[in-house]
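K.L.:
Below is the sequence, then the predicted model.
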Amino acid sequence: MTGELGLFCAACPQPGVNLPDNGKEDPETWAYSRGFVLDGNFTCNHKVQQRPEDDVWLKNGEGYMVERERYAKHLATAKETKEVSILPSMLG
């Protein structure tokens, strides 16, 4: 239901759910790790996709994921704002 709390992330690696039993023996264990993205403003700047038509949706309006149509409507009306880095001014 719209606005409900998502308690399960289908994309997160979880033993017994979406990880192989012998995952620790795999030489490419990096593939089973979780990644967290944040900065001081608690935002994440997404990279522009090279081929957006190849985008893969994990869920459509379930859990933490927005419905495709609602997201498309939002993008059609949203204004893009560019963040300005303050790092050069901090370095003097």
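P.N.:
Perfect, I can see it now.
K.L.:
Rounded mean pLDDT for the top helix by length along the chain, please.
P.N.:
Using DSSP state H, we find that the single longest helix of the chain is helix 68-77. What helix 68-77 shows for mean pLDDT is 90.
K.L.:
cool, stretch 16-24 as well?
P.N.:
81.
K.L.:
So what would you say the end-to-end distance of it is?
P.N.:
End-to-end distance of stretch 16-24: 13 Å, with C-alpha to C-alpha, to the nearest Å as the criterion.
K.L.:
same check, this time on stretch 56-68
P.N.:
With C-alpha to C-alpha, one end of stretch 56-68 sits 11 Å from the other.
K.L.:
Buried ones in that stretch, by neighbour count?
P.N.:
Buried residues in stretch 56-68, counted by 16 or more other C-beta atoms under 10 Å: residue 65. No exception for glycine: its C-beta is placed from N, CA and C like everyone else's.
K.L.:
quick revisit: show residues contacting the longest helix of the chain.
P.N.:
Contacts to helix 68-77, defined as C-beta atoms under 8 Å, 6 or more residues apart in numbering, come from residues 57, 60-61, 66.
K.L.:
how about a markdown table for the residues you listed, with distance to residue 18 and secondary structure added?
P.N.:
Output for the contacts of helix 68-77, formatted as a markdown table (distance: C-beta to C-beta, whole Å; DSSP: H, G, I helix; E, B strand; the rest coil):
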| residue | distance to residue 18 | secondary structure |
| --- | --- | --- |
| 57 | 17 | coil |
| 60 | 18 | coil |
| 61 | 20 | coil |
| 66 | 22 | coil |
